[in-house]
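S.K.: got a predicted model here, sequence first, then my questions.
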Amino acid sequence: MRLKLFLLGLLVFTTCEEAPTSGSEEIELTFYTIDMGQNSGRTADNYAIRSEWEFQNLFGQSSDGFDFQDEMMIAVYKGEVGTTGNSYRISSVTDRGSDIRVTVVFEGCNVCNTATSTPYHIIGLDRSNKQVNFREMEIN
């Protein structure tokens, strides 16, 4: 039962772009980078991590004191890319009233090595129990 609840809680819905709730304003949320790089070794996926238990099940280690009472993490993984030197980053996080929208930008490299990379970005921000939706933009 706990495993089912974990999987349900960890499941992050990636939905089509929806308009904000009528009458509500979009609010840009402040966030900070926890980790970012070219070689996560992970497949493409997005996560909203709201507890130490979810963190440990995802990464197989402790969060080293991250405050999940007041904060949460967002982790985005591009998956395998056939070049290095790409940029994969969370560019904005917006509270749209009924949900949180995370905009992720993938910027391909014009002069790149052909080695494989698996870019990622992990951020911290104020905790919210709202559904998190992801939108990816590509810049070439």
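M.R.: Yep, that arrived. Numbers count the residues shown, from 1 in each chain.
S.K.: what are the ranges of the strands in the protein?
M.R.: Counting by DSSP state E, the chain has strands at residues 27-28, 31-37, 45-49, 71-77, 87-95, 99-107, 120-126, 131-139.
S.K.: shaky segments in this protein?
M.R.: The model of the chain has pLDDT under 70 over residues 1-24, 84, 110-112, 140.
S.K.: at 90 instead, please
M.R.: 1-25, 38-39, 41, 65, 79-88, 106-119, 137-140 (pLDDT under 90).
S.K.: I'd like the strands of the chain laid out as a markdown table, including distance to Gln61 and mean neighbour count.
M.R.: Placement of C-beta: from N, CA and C, glycine included. Listed next are the strands of the chain as a markdown table, based on distance: least, C-beta to C-beta, whole Å; neighbours: other C-beta atoms under 10 Å:
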| stretch | distance to Gln61 | mean neighbour count |
| --- | --- | --- |
| strand 27-28 | 31 | 10 |
| strand 31-37 | 13 | 13 |
| strand 45-49 | 13 | 20 |
| strand 71-77 | 13 | 21 |
| strand 87-95 | 22 | 18 |
| strand 99-107 | 24 | 19 |
| strand 120-126 | 13 | 19 |
| strand 131-139 | 23 | 15 |
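S.K.: okay if I get those as CSV plus distance to Asn57?
M.R.: Formatted as CSV, those follow (distance: least, C-beta to C-beta, whole Å):
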stretch, distance to Asn57
strand 27-28, 30
strand 31-37, 17
strand 45-49, 9
strand 71-77, 13
strand 87-95, 22
strand 99-107, 21
strand 120-126, 15
strand 131-139, 17
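S.K.: for Phe55, find the nearest of those strands.
M.R.: Set against Phe55 and scored by C-beta to C-beta, the strands of the chain come closest in strand 45-49, at 5.3 Å.
S.K.: quick one: distance of that closest one to the chain centre.
M.R.: Strand 45-49 has its C-alpha centroid displaced from the chain centroid by 5 Å (C-alpha atoms, centre = their mean, to the nearest Å).
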